[in-house]
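Chemist: Structural data only, the sequence is not supplied:
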Ligand SMILES: [Zn+2]
C-alpha cells in the first residue's frame, strides 16, 4: 500500500453532491445512487445524474491512484474499470453511514482477483475491498487498527516484501504500527495465494527487463513522476532498492 492524497477533489462529484443534497438525504443508501435522475431543462430528456457522477468519480480516483488498486496495488485497466474494480468505502458503509458520500472516504479497489488473468479463472472477493467488508469474517473491521491509505503519509514504509511475493510488516517500525500493519494484511488478505503468485511474477518479469534493457530502463519504469504506475509499484521499488 502507498499513500494517496485526497487533496485533488473530483469536480463532477462535488457538484453532484451540492445539487442533489436533498435527494441524497432521502435516498441515503449507496445503491440508490445510480437511480437518481434529472430532467434536462432544454431537451426534456432524463439524465442519469447519479450514474454519471459515480462514473466520473470512479475514473478520477483511479487516475489519482495511478491506475492501481488502493490496497493490493495491482493494475486495473481503464477499459475494465467497472468489471474489475469498484468504489471502495475506506471506512465501511455499514458502520460509517455519515461518510457514505464523502470524497475523502472513497477510493478504488479491485474486486478481489488477479485482473490480468482470463475471465474464466477469476474468482471474486478473495482479497481487498469486498473481502474487507465481508460479513462475519475474521478479523473484523476495527477502526482503531485500520491504517487509512488516504490519511497516513507513511503507510508505504510500514510494509516490506520478499522475493516470493509475500508482504509483511516492516522490521524497523514501532510495535504499535507493526501490529496495525499485520492486522491490515489479514483484514485485506494481502497474502492470498493468487496475489502472492502475481507479485512474484511481476518481480521476476522486471528482473528479466533489467537483464534485457538495463538498470536505467527499470528506474524509468518505477519513476514516482510517472502518470501511471506498474502493478505492485511499492514492492518493485523496495525489492529493487529504489
Ligand atoms: Zn486489490
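Modeler: Great, that's in hand. Keep in mind that this is a model prediction, so the values were computed, not measured.
Chemist: what does the protein have sitting close to the ion?
Modeler: Selection of the chain residues close to the ion by CB under 5 Å from the ion yields 69, 71-72, 110, 128. For the C-beta atoms, the positions are set from N, CA and C on the backbone; glycine is no exception.
Chemist: If we only consider these, which is nearest to residue 79?
Modeler: Proximity of these to residue 79, judged by CB to CB, is greatest for residue 110, which lies at 14.6 Å.
Chemist: give the contact list for that closest one.
Modeler: Residue 110 makes contacts with 69, 71-72, 74, 76, 84-85, 128-129, as judged by CB atoms under 8 Å, 6 or more residues apart in numbering.
Chemist: Sitting in strands, which of these do you find?
Modeler: residue 85 (DSSP state E).
Chemist: hang on, isn't residue 163 packed against residue 202?
Modeler: No - assessed by CB atoms under 8 Å, residue 163 is found out of contact with residue 202, at 11.4 Å.
Chemist: How much space separates the residue nearest the centre of the chain from residue 1?
Modeler: With distances taken as CA atoms, centre = their mean, residue 70 lies nearest the centre of the chain, 2.1 Å away. Per CB to CB, to the nearest Å, residue 70 is found 7 Å from residue 1.
Chemist: And the nearest residue to residue 94 once chain neighbours are set aside, its phi and psi?
Modeler: Sequence neighbours aside, residue 133 is the residue nearest to residue 94 in space, at 7.4 Å (criterion: CB to CB, 6 or more residues apart in numbering). The phi and psi torsions at residue 133 (degrees, to the nearest 10) take the values phi -100, psi 10.
Chemist: for this structure, what spans make up the helices?
Modeler: Along the chain, counting by DSSP state H, helices occupy 11-19, 21-26, 49-64, 81-84, 128-132, 175-188, 193-213, 215-221, 233-239.
Chemist: For the lowest-mean-pLDDT helix or strand in the chain, which outside residues touch it?
Modeler: For the chain, the helix or strand with the lowest mean confidence is helix 21-26, at a mean of 78 (criterion: mean pLDDT, DSSP states H and E). Here helix 21-26 makes contact (CB under 8 Å, 6+ apart) with 17, 36, 101.
Chemist: With stretch 146-157 instead?
Modeler: Applying CB under 8 Å, 6+ apart, the contact partners of stretch 146-157 are 1-6, 70-71, 90-91, 104, 107, 158, 170, 173, 180-181, 183-184, 187, 234.
Chemist: swap the cut-off to 10 Å and go again
Modeler: With CB atoms under 10 Å, 6 or more residues apart in numbering as the test, stretch 146-157 has contacts from 1-7, 61, 64-65, 70-71, 73, 90-92, 103-107, 132, 158-159, 170, 172-173, 177, 180-181, 183-184, 187-188, 233-234, 237-238.
Chemist: Show me which residues of it are buried.
Modeler: By 16 or more other CB atoms under 10 Å, the buried positions in stretch 146-157 come out as 146-150, 152, 155-157.
Chemist: Taking the residues of the chain next to the ion together, which two end up most distant?
Modeler: Largest separation among the residues of the chain next to the ion by CB to CB: 71 and 110, giving 7.7 Å.
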